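Asker: Okay, sequence plus prediction incoming.
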Amino acid sequence: MTCNVPNPEHRHAAHAKPPVRRARLVAAFGAVFLIAAAAGWAEPPSADQIMARVMETQRADTAAMDIEMTLIDVRGAERMRRLQTLSMTVDELTSTVTVFLSPPSVRNTRFLTVERAGGEDQWIFLPAVGRSRRIASAERGGSFMGSDFSYADMASTTYDTDEAVHRLLRTEERDGRETFVVESIPRDDAQYSRTVVWVDTSTYLPVRVLFWESGNDPAKELVVTETERVEGRWVATDVTMTTLETGHRTRVRTLQARFDIPLNEGYFTVSFLETGRL
Amino acid sequence: MARGTGGSYCVLMGRGLGGRRTDVLIVCGGVAVLAWAAWGVPRLHIDSSTDAFVPRGAEVVRVNRLIEDEFGVSDAIIVGIHATDGTILAPHALSVVADVTARVAAIDTVHRVTSIAEMDHIVATGDGMDVVPLFTGTTPEAIATLSERLDSWPEVYEGALVSADRSLAAIVVLPAPGLDAPRMEELLDNVRGIARGHGGDTIGVSIVGLPVVKSQINRSLLADLTLLVPIVAAVIVLVLFLSFRSVAGVLVPLAGLAVSAASIVGLMAVLQVTVTMATMLVPVLLLIVASAYGIHIMSHFFEEARHHTGRLSVSETNALIRSVVRRNAAPVAMAGATTAAGFLAQLASPLGPFRTFGVLSAVGVVVAQLSALLLIPALLRLAYRRGIDASAMNRRRQRAAGTEPRLFPAVARALAVRKRRLATVAMVTLGALVLALPHIRVGTNMLDFFDPRTDLVRDTRLFAGAMDGSGALTLMIRAPRRSAVLEPRFLTRLESFEQELSQHAAVGAVRSIVPYVRRINSVMNHAAVPYRMERTDDVEFDFFAGEFGTEEEMGPDDGLGAMPPDAEGAVPEPPPDSDDAALEPPPDSESAVPAPSPRAAKPAPGTRSDSPGVDPFDEIPTDPAKYGLDTQEDLLNLVAQFLVVYSGNLSMFLNDAIEPDAVAVSVQLRAVDTASLRDVTARIDDFWAVHLPDGFSYDIGGGDAVSLALTELITRSQIISVAAALAIVWLLVTLMYRSPKAGGCALIPVVVSLVAVFGSMAGLGIEVDVVTSLLAALAVGVGVDYAIHFISAFSRAKRDATGNGLMTAYRTTGRAILVNAASVTLGFSGLIASRFVPISRMGILFTVAMLFAAVSALSVLPAVLLRLGGVDGNKTQEDSNDV
């Protein structure tokens, strides 16, 4: 920016500006400078800060969700699953229980995840069998109910700041929204060797995530097509995960959502999983 | 008509195109065509696999695409790791398997890799069941565990991933869907590089599978042709030189055939025509046809010069050349027209590459005609621009003639004096060949393209012996509604099918979802039948209907897992008898939360089995009561939930993890020859004709199914196109000579050559496949060519009333036929030495076709012409005295 400063020799010439007017000009320029700095010239947040905000946005002490999951094959044939989930976070450890309501062959199948220090445990209950089963960690990469989400994806599709090394790649406009583009490489062995997430700068919701497994090309892509403000927080209500190699995709729509509601802790027990009663 | 045509042609060829400048322009045009071909060669797209032959709209192509889309299954690359010192269950060998598996899986164009290092195993636990990695390391304990697990489930592991004697492990690599040929080749190179990098003293590496076979076909074909084509060309050059004893006698015909072949190569490059095993025969065919035209011109040229002595002036030389062109224009035109028309009969073929072959060959024949009637005379005029030393030429001819002065008179005498003996010999030979025809086999087994001593064939046979084979068919069975393929009654039929088909000698194994269901059922009932737990009715879930479990008392209407009234400890009424005939389709439940189904009382705990060693739960569950259930639908739900419990990857068997409406069954084959494939598919059809449930359907796909479909198409294609070619040739020649007798005579060398080719194939055990079937077209083209040239020469000699019509025809056209047949036969016989079987077979069959066409054109045809008195039917005393 160039300032049109008058020649000092002409300071007292007939066209010299009076002192009050000069001060106003300086103040105006200073304000412009400060606003510009705030808007664009300030340092963007670090990758860790961004991902911390992302996790914070998604964090709730309790949540209840009513979800419709639609599996779409490459020929366009659709298969629908309906499920409801409850989750509770205590001391930064989250437990989730999921109940399948349809299709009929798996109705009332129940799924429990309990996070503990250093890992998490998962159980599945099958009504026809009448027993629950613990799922081993090796299976976390397996497909969840035949969808394009793995069991690990069902827990989270983004990494917390202590779980991965994050790097801010750039900012980018996407579908009319400014986004931070953050690369995450997990510190420990994980299903994905690398993820890149596009984070909406205003809502701090991920709007797109690419997942790499072992090759150079991304294996899956998650795209958020709809977000809503529910009880004061932004929620991704329409999300699609695509397995890029095959073109198969899974669309998840959130039909109902409640956050920070009182929940009976008994839901997050193997007893409830097996009996269906508190 | 023939004379009129020739006359018009002569005027065109002789009058307007004689100046030196014109000749130079024509030659420059020929050079330009050669340059065009040189530009085009690197731009040619080559696909020498049989896939290029299958019509895109073919049913088997549709089925394969469906199988690939729904199950991710396609032709696999199989890497074999062989422990040469004994067992694969050793630290180093297992490390190799694990490392190769991991590195191949990391390749972008790989969809999935399955091996003992990348496989889930189902084990029983106190909780019921667990799915763990099959391979957990190379410590002694881990190897012992691995060995136990492999022993515990042989129907899944043995023959597919590890051999029964544990000396060989297989790594099954499924390429990403929709890979084009260059990327598949790149993938194969990557896999080869990774696998071979691990080979050593104690580890042998092999790579088999249909993609490997196809890739090797490309490489072998190109490598052999690159080596052999120059040899073939050299032999042809040698024969030409020995025949004509002059540089012009070699270079001039060579120039003509080079321009013809080059024009087609350039055309293929410009039009982006794929070079397939069919279209690569076009330049080869043109070598034969174009050389015939050129040799006819040269032979007549030298024969005309024979009548002169001393030195011919430039004008006399040009006049001689004009005379030669005039005499040959008509037969070249007619022969070319009928040959081209015969090739165009391939348009009736259902196979695209055959149609392309026909069109390109027809175009090439026209170019060869123009080359013979324009380029060759121009070259002759330039070569002899100072005139001809006829004496010197005649001296060279005398040396070259050799046995010829004796051969043709001997043949002519035999035709006159020993007609019956010659006829007998001809009939016996033909009869023997005809009798062999029913034994001819049709089939395209790509593995038979290779010498049995090659690594690929040896490794494939090793897999066929140690494992369950590397060939495969995929059976896709589709149900009329979702989940119906999980009905236990269908699964038991599938199990019976597996057991029955596995008995076939060509089948190594049949693999489906069945062993997984059985194992899960067995493991889940390992410690105790789990349904023995006392439990109550299902509850209806809707977390949003109440207050999320925080009410002090939960009433019956809160819908949060509350028990139904009066259900505490009570046994509900059993449901009405279910319909055993067929499962009712479950109600649509896309949005509503369905009502719970009532449950029967749990049966009292019982013993697992009265027969030691027999697991009563190693079965498809079919008896609801045995499992504490009520209906077949309950059993279906049980099976569906078993598969959810597995949570491993069963997508190669089911098109959906929860509500599949199709299953894929893999039939591993030890033998993939056409007879075995036909037999196996017939068995499949026979079984499901009886056992397929109402509303179900099935399709057979896989790479080997394509081979079978191709065989059927080839058979149909050749019957149609050969019949069409014969009809077209007869019709055209009849029209040209206005004589049905001429049409019939023209077919003599054609039919003899065809019978000889197919009879040789039957006798030598050569199958009619995509390459050899096109030799029928070659036989038609060459046979009619010889026939028309000879008929024209014979008719002309008779009209000239010089007497000795037959000898005249022999000395000109007969000699040309002999030189052409000798040069091509000797040249292509060099292909017999190829290690690539299709090229070797081509060499044999080319030789047979040319020999029999030439022999019949020079013996049987003249005998018939003499008998008929020519094609116009006016037999004279001269005809009888033609010796």
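Answerer: Sure, I can see it.

Asker: Over to A:Gly119: give its phi and psi.
Answerer: Main-chain torsions, A:Gly119, degrees, to the nearest 10: phi 160, psi -160.

Asker: And it, how far from chain B?
Answerer: From A:Gly119 across to chain B, the span is 17 Å (Cβ to the nearest Cβ, to the nearest Å). Where C-beta positions appear, they are placed from N, C-alpha and C, glycine not excepted.

Asker: In the sheet, which residues pair with that residue? Tell me.
Answerer: A:Arg116 (DSSP bridges).

Asker: Tell me the confidence at it?
Answerer: With respect to pLDDT, A:Gly119 scores 77.

Asker: That one: neighbour count?
Answerer: Neighbour count for A:Gly119, taken as other Cβ atoms under 10 Å in any protein chain shown: 8.

Asker: For whichever residue of the stretch 201-350 of chain B sits closest to chain A, which three-state class applies?
Answerer: Residue nearest to chain A within the stretch 201-350 of chain B: B:Pro211 (17.3 Å; Cβ to the nearest Cβ). Here B:Pro211 is recorded as helix under DSSP: H, G, I helix; E, B strand; the rest coil.

Asker: helix or strand for the residue of the stretch 1-150 of chain A found nearest chain B, which one?
Answerer: Using Cβ to the nearest Cβ, the point where the stretch 1-150 of chain A gets nearest to chain B is A:Gly146, with a distance of 2.9 Å. In the assignment (DSSP states H and E), A:Gly146 maps to no helix and no strand.

Asker: which parts of the one helix or strand B:Asn218 maps to are buried?
Answerer: Following DSSP H and E, one finds B:Asn218 within helix B:210-244. Under the neighbour-count criterion of 16 or more other Cβ atoms under 10 Å in any protein chain shown, helix B:210-244 has B:210-217, B:220-221, B:224-225, B:228-229, B:232-233, B:235-237, B:239-244 buried.

Asker: Measure how buried residue 46 is and give me the count.
Answerer: In the absence of a named chain, chain A is used. A:Ser46: 14 neighbours (other Cβ under 10 Å).

Asker: my question was about chain B
Answerer: 16.

Asker: after the lengthiest strand in chain A, next one along is what?
Answerer: Ranked by residue count and defined by DSSP state E, the top strand of chain A is strand A:78-90. Next in sequence after strand A:78-90, counting helices and strands by DSSP H and E, comes strand A:93-102.

Asker: Give the residue spans of the stretch 51-200 of chain A that score low on pLDDT.
Answerer: A:135-141, A:155-157 (pLDDT under 70).

Asker: quick one: average pLDDT of the host helix or strand of B:Phe794?
Answerer: For B:Phe794, the host element (DSSP H and E) is helix B:775-800. If you average the pLDDT over helix B:775-800, you get 80.

Asker: Just say helix, strand or coil for B:Leu66.
Answerer: helix.

Asker: How about it, nearest residue that isn't a chain neighbour?
Answerer: Using Cβ to Cβ, 6 or more residues apart in numbering or on different chains and skipping residues adjacent in sequence, the residue nearest B:Leu66 is B:Met476, 6.9 Å away.

Asker: picking that back up, hmm, B:Asp75 and the residue of the stretch 201-350 of chain B closest to chain A touching each other?
Answerer: Yes: B:Pro211 is within contact range of B:Asp75, at 5.4 Å (criterion: Cβ atoms under 8 Å).

Asker: if I pick the residue nearest to B:Leu66, what's in contact with it?
Answerer: Under the criterion of Cβ atoms under 8 Å, 6 or more residues apart in numbering or on different chains, the contact partners of B:Met476 comprise B:63, B:66-67, B:70-71, B:662-665, B:698-701.

Asker: Mind doing that once more with 7 Å?
Answerer: Going by Cβ atoms under 7 Å, 6 or more residues apart in numbering or on different chains, B:Met476 touches B:63, B:66-67, B:662, B:664, B:698-699, B:701.

Asker: State which one residue of the stretch 551-700 of chain B is found closest to chain A.
Answerer: B:Ala657 (2.9 Å).

Asker: tell me which element A:Thr57 is part of?
Answerer: With DSSP H and E as the test, A:Thr57 turns up in helix A:47-58.

Asker: so what strands line up beside the helix or strand following that helix?
Answerer: Toward the C-terminus, helix A:47-58 is succeeded by strand A:62-72 as the next helix or strand (DSSP H and E). Paired strands of strand A:62-72, with direction, are strand A:78-90 (antiparallel), strand A:249-259 (antiparallel) (DSSP bridges).

Asker: what angle do the first one and strand A:93-102 make?
Answerer: Okay, so that is strand A:78-90. 150 degrees (axes from the mean of the first three to the mean of the last three Cα atoms, to 10 degrees).

Asker: quick one: buried residues of strand A:78-90?
Answerer: Quick answer for strand A:78-90 (16+ other Cβ under 10 Å): A:79-88.

Asker: for it, the distance to its chain's centre please.
Answerer: The chain centroid and the centroid of strand A:78-90 are separated by 16 Å under Cα atoms, centre = their mean, to the nearest Å.

Asker: The last one now?
Answerer: Its chain's C-alpha centre lies 13 Å from the corresponding centre of strand A:249-259 when counted by Cα atoms, centre = their mean.

Asker: ok, now stretch A:117-124?
Answerer: 21 Å.

Asker: what does that stretch rub up against?
Answerer: Under Cβ under 7 Å, 6+ apart, the answer for stretch A:117-124 is A:111-114, A:132-135, A:151, A:155, A:270, A:273, B:645.

Asker: go with 6 Å
Answerer: By Cβ atoms under 6 Å, 6 or more residues apart in numbering or on different chains, the surrounding residues in contact with stretch A:117-124 are A:111-114, A:132-135, A:270, A:273.

Asker: List the contacts of the residue of the stretch 551-700 of chain B closest to chain A.
Answerer: A:Gly146.

Asker: hmm, try it at 10 Å
Answerer: A:71, A:79, A:106, A:142-147, B:640, B:643-644, B:646-651 (Cβ atoms under 10 Å, 6 or more residues apart in numbering or on different chains).

Asker: Which ones among these lie within strands?
Answerer: A:71, A:79.

Asker: Which members of the contacts of B:Ala657 occur in helices, if any?
Answerer: Using DSSP state H, the subset of the contacts of B:Ala657 located in helices is B:640, B:643-644, B:646.

Asker: And the strands in the stretch 101-250 of chain A, which stretches?
Answerer: Secondary structure of the stretch 101-250 of chain A (DSSP state E, counting those that start in this stretch): strands at A:110-116, A:119-126, A:131-135, A:164-174, A:177-186, A:194-200, A:206-212, A:220-230, A:233-243, A:249-259.
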